[in-house]
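[1] Just to be clear, the model below is a prediction. Sequence and coordinates:
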Amino acid sequence: LKDMREEFEKKMDVISKYYSGRADAVEKLNLPKVTVSESKTKTDSDSTGGKDGDEKKASTQVVVKEETTQTGLKKENYYRLKHLVALDVQFYAEMKSLCVNIADAYAIILDNMEKNKEKLKAPKGTGGGNSMSMF
């Protein structure tokens, strides 16, 4: 059981390597980048007296600025995109295989437990005493 668990833990380390490799591949694609910035300005003014009497003013100004930098899909990016898809397919296959192996391991463990159910319940047997005794 311990060996199986260690083997599965080693295979699970592939996940972080996959995401790192995928991030590098996406970065090399030079996909369009969108930058959004928002600024709010709120002004309150309160005047008392004067020619027209009491006056209260409030204004809110919201400015949203969005910039998109686009680069077209160039011929060299086509192969980078294929590389990214290949990474995804490879990772999918590895994880599917890992899931099948884990399910098989659980089936083996359950089978062994069922076969040895009596030994697990009564490790020293069900007999009343020790048959190897001298008395």
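    Nice, I can see it.

[2] dump the residue contacts of the residue nearest to K28 when sequence neighbours are not counted.
    Once flanking residues are discounted, K28 sits nearest to R80: 5.3 Å by Cβ to Cβ, 6 or more residues apart in numbering. Backbone N, C-alpha and C define where each C-beta goes, glycine included. Taking Cβ atoms under 8 Å, 6 or more residues apart in numbering as the criterion, R80 is in contact with 25, 28-29.

[3] With respect to A105, which of these is nearest?
    Nearest to A105 among these is A25, at 32.0 Å by Cβ to Cβ.

[4] Tell me if I am right that R80 is in a helix.
    Yes - judged by DSSP: H, G, I helix; E, B strand; the rest coil, R80 forms part of a helix.

[5] Checking V63 next. Helix, strand or coil?
    Under the three-state scheme (three-state DSSP), V63 adopts strand.

[6] Tell me the spacing between the residue nearest to K28 and E9.
    Separation of R80 from E9 (Cβ to Cβ, to the nearest Å) stands at 32 Å.

[7] Could you pull out the helices in this protein for me?
    For the chain, the helices defined by DSSP state H cover 2-12, 14-28, 75-115, 117-121.

[8] what bridges to V62?
    On the basis of DSSP bridges, V62 is bridged to K40.

[9] In contact with it, which residues are there?
    Shown in contact with V62 (Cβ under 8 Å, 6+ apart): 38-41.

[10] Can you tell me which of the residues you listed is closest to F91?
    Lowest distance from F91 to those (Cβ to Cβ) belongs to E38, with 36.4 Å.

[11] Make sure L98 is actually in contact with E7.
    No - contact criterion Cβ atoms under 8 Å: L98 and E7 do not qualify, at 9.8 Å.

[12] Run a quick neighbour tally on D88.
    D88 has 13 neighbours, counted by other Cβ atoms under 10 Å.
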